[in-house]
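Asks: One predicted model, sequence on top.
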Amino acid sequence: KLSVEEKIGQMLCFAFHGTEYNSQLKTLVEDYHIGSVIHFARNTTSCKQVENLNADIQKHAKYPMFITLDHEGGMVRRVTDGIHYLPGAMALAATGRDISEINYLTNVDLKNLGFNINHAPVADVNNNPLNPVINSRSYSGDPKLVSRQVIMAFKGMQRALILPTIKHFPGHGDTNVDSHLGLPIVNKTIRELNNMEILPFKAAIDNGVEGMMISHILYSQIDADFPASLSYKIITELLKKTLGFKGLIVTDSLTMAAIWRKYSIEEIVLNGVNAGNDILIFCGKADLDEQTEIINTFTRLVHDGKISMKRVNESVKKIIMLKEKYVPINRIKVNNQDLEKELVDASITKVMDNGLLPLHCNEKVLILFPKIGLASLVDNKSDKEVTLGMFMDFDEIIYDNDVNLKNIVQIQDKYDKIILGTYNVKTDDYQVKVSKMIDMNKTIVISLRSPYDLNFIGGIKSYICTFDVTKASLMALSQKLISGSFSGKLPIQLI
């Protein structure tokens, strides 16, 4: 019984500005009847604030809203305080433990705040060490391990009545381009994809996952013309017909450079809907004039017959059915902070040790800690410049591209041991330069995000991986360095 315009609204999801119900949200929700919004960290100041905001959005909407966010865990969390801490994917995989319960607990917390879609977990197989955007957001480079982890994660989420959209179909792992910045191209046959990238997605489908996010990647041997998010061949023929997926299909944000710089708004909407997506997501500038143009373009394409009502009705029916299941809030109180601490502790992984561990309080130790930047636009900013030195009584230097190498060379002899923290090292960057100036025989290198830092720094004798650089992970690391007890296992092939 929805009008054409209201049906169109159901198929759109927009980002927004502000931390309370404002004029932008009023226009989108009340005038255009959009069906979904997506939160970022900028929209959240506290649990109470975001709970009130989400309640206000639902209160003013004519129809129930999907209120969504990216909360993968680790460095990609939109609500950072007041809920159960969820480690990142590779950190969880390193524990070797069941991860369904922690996903359940975190997503119950999110549900109580009024969220009902979480764009997670990441089902990409990170089989390319040079991947700039997935990396430790993936569980592993082993598709079977990724499959097991993804199933545990999404089942925990669905038990919490949060709709997961596993991502980024049909796989973002074997790329060396960040789709936020450009269009990645994967030149693999369907047989190769079925044996690697698609395996976790198929396993999730077979086990009842109800949501899927599509990537902005050109799979040239399947569709040479359109990236996956705009491809009928990939979404309708491969995902829906061949793999039999009947759940909700959403795009990754269509304002990412892989799409936004290459296609017009009309081309994005026309191809995105006709390819088989149920919800088109637009983040980017979150500009109301731009959002209005997107809505008007969609409306015109429907009225002109370029997008059929049959195609629209197919998606809207699916959206409404899933909203009936996932939008209502049945508040459940959960509290298991022991589990989150156990998992973070179990994730810290010792790869090798040259007899430098454990550290002793009477030793003179120098911590060289990198200034943390955003690895990708999907990341949150780091936890308020938290560093390892905040949890250990050792000297610490925060270093970046402007580091005084001569000073480090001069003072290193004063210390018994050195801790060199690294963060997503690239060929010949400043972290490599620092490593070449210090005595690696007495240095413990700690990868704070990408375990593949080992491939860029020579002469490493002692190496630890945390996979995340958050307050929780650094606190756990500080304790492990003193105890010398590590239980994490690398979920990737590294050495």
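Replies: Yes, it's here. Residues are numbered from 1 along each chain as shown.
Asks: tell me the helices in the stretch 351-495 of the chain, going along the chain?
Replies: Under the criterion DSSP state H, counting those that start in this stretch, the stretch 351-495 of the chain carries helices at the ranges 405-411, 430-436, 471-483.
Asks: could you dump those helices to a markdown table with distance to residue 99, mean pLDDT and mean neighbour count?
Replies: From N, CA and C alone the C-beta is placed, and that goes for glycine too. What follows is the helices of the stretch 351-495 of the chain, written out as a markdown table (distance: least, C-beta to C-beta, whole Å; pLDDT from 0 to 100; neighbours: other C-beta atoms under 10 Å):
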| stretch | distance to residue 99 | mean pLDDT | mean neighbour count |
| --- | --- | --- | --- |
| helix 405-411 | 39 | 91 | 12 |
| helix 430-436 | 30 | 94 | 18 |
| helix 471-483 | 15 | 97 | 21 |
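Asks: out of these, nearest to residue 448?
Replies: For residue 448, the closest of the helices of the stretch 351-495 of the chain is helix 471-483, at 8.0 Å, according to C-beta to C-beta.
Asks: Run through the neighbouring helices and strands of that closest one.
Replies: Applying 3 or more C-beta pairs under 8 Å, 6 or more residues apart in numbering; DSSP states H and E, we find helix 471-483 packed against helix 337-347, strand 462-465.
Asks: starting at the chain centroid, how far to that helix?
Replies: 23 Å (C-alpha atoms, centre = their mean, to the nearest Å).
Asks: what's downstream of the helix or strand residue 105 falls within, the next helix or strand?
Replies: Secondary structure assignment for residue 105, by DSSP states H and E: helix 100-112. As assigned by DSSP H and E, the chain's next helix or strand after helix 100-112 is strand 117-118.
Asks: What helices and strands are in contact with that next one?
Replies: So strand 117-118, by 3+ C-beta pairs under 8 Å, 6+ apart, packs with strand 66-69, strand 163-164.
Asks: which stretches of the stretch 351-495 of the chain form strands?
Replies: 365-370, 395-399, 417-422, 443-447, 462-465 (DSSP state E, counting those that start in this stretch).
Asks: Who does the first one pair with, and is each partner parallel or antiparallel?
Replies: Paired strands of strand 365-370, with direction, are strand 395-399 (parallel), strand 417-422 (parallel) (DSSP bridges).
Asks: re the thing from before, also compute the angle for the helix holding residue 105 relative to helix 337-347, please.
Replies: Relative orientation of helix 100-112 versus helix 337-347 (axes from the mean of the first three to the mean of the last three C-alpha atoms, to 10 degrees): 130 degrees.
Asks: From the chain's centroid, how far away is helix 100-112?
Replies: 16 Å.
Asks: same question, stretch 42-59
Replies: 21 Å.
Asks: Which positions within that stretch qualify as buried?
Replies: Neighbour counts over stretch 42-59 (16 or more other C-beta atoms under 10 Å) mark 43, 44, 47, 50, 51, 52, 53, 54, 56, 57, 58 as buried.
Asks: Which of those sits closest to residue 105?
Replies: Once C-beta to C-beta is applied, the member of the buried residues of stretch 42-59 that ends up nearest residue 105 is residue 47, at 14.5 Å.
Asks: need the contact list for the closest one.
Replies: Taking C-beta atoms under 8 Å, 6 or more residues apart in numbering, we find residue 47 in contact with 79, 81, 82, 83, 113.
Asks: Now the phi/psi pair for it, please.
Replies: Per-residue torsions, residue 47: phi -60, psi -40 (degrees, to the nearest 10).
Asks: Which pLDDT value does the model give it?
Replies: In this prediction, residue 47 carries a pLDDT score of 96.
Asks: And the helices and strands packed on strand 117-118: which comes nearest residue 311?
Replies: Closest among the helices and strands packed on strand 117-118, using C-beta to C-beta: strand 66-69, at 19.3 Å.
Asks: What lies in contact with that closest one?
Replies: Residues contacting strand 66-69 (C-beta under 8 Å, 6+ apart): 13, 35-40, 54, 57-58, 78-79, 110, 114-119, 163, 279, 319, 323, 326-327.
Asks: And whichever helix or strand comes after that strand, how far out from the chain middle?
Replies: Downstream of strand 66-69, the next assigned helix or strand under DSSP H and E is helix 89-95. Put simply, helix 89-95 sits 14 Å off its chain's centre (C-alpha atoms, centre = their mean).
Asks: And helix 89-95, what does it pack against?
Replies: Packed against helix 89-95 by the contact rule (3+ C-beta pairs under 8 Å, 6+ apart) you find helix 143-159, helix 337-347.
Asks: Next, the angle helix 100-112 makes with the longest one.
Replies: Relative orientation of helix 143-159 with respect to helix 100-112: 40 degrees, computed using the same axes, to 10 degrees.
Asks: Out of the contacts of residue 47, who's the most crowded?
Replies: The residue in those with the most neighbours, by other C-beta atoms under 10 Å, is residue 113 (24 neighbours).
Asks: now that one: how far from residue 331?
Replies: 10 Å (C-beta to C-beta, to the nearest Å).
Asks: Just the element for residue 285, please.
Replies: Going by DSSP H and E, residue 285 is not part of any helix or strand.
Asks: ok, it touching residue 291?
Replies: No - applying C-beta atoms under 8 Å, one finds residue 285 not in contact with residue 291, separated by 9.3 Å.
Asks: These two: which has the busier surroundings?
Replies: Neighbour comparison, residue 285 and residue 291: the larger count goes to residue 291, with 22 against 12 (by other C-beta under 10 Å).
Asks: from memory the more buried one sits against residue 17, does it?
Replies: No - using C-beta under 8 Å, residue 291 is not in contact with residue 17; the gap is 11.1 Å.
Asks: about what we covered before: can you lay out the strands of the stretch 351-495 of the chain as JSON lines showing distance to residue 234?
Replies: Putting these into JSON lines (distance: least, C-beta to C-beta, whole Å) gives the following:
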{"stretch": "strand 365-370", "distance to residue 234": "38"}
{"stretch": "strand 395-399", "distance to residue 234": "44"}
{"stretch": "strand 417-422", "distance to residue 234": "36"}
{"stretch": "strand 443-447", "distance to residue 234": "34"}
{"stretch": "strand 462-465", "distance to residue 234": "34"}
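Asks: quick one, which of these is nearest to residue 494?
Replies: Taking the strands of the stretch 351-495 of the chain one by one with C-beta to C-beta, strand 462-465 is closest: 8.5 Å.
Asks: Just name whatever secondary elements that closest one is in contact with.
Replies: strand 349-352, strand 443-447, helix 471-483.
Asks: re the thing from before, check the helices and strands packed on helix 471-483 for me and report the most buried one.
Replies: Stretch with highest mean neighbour count among the helices and strands packed on helix 471-483: strand 462-465 (a mean of 25; mean count of other C-beta atoms under 10 Å).
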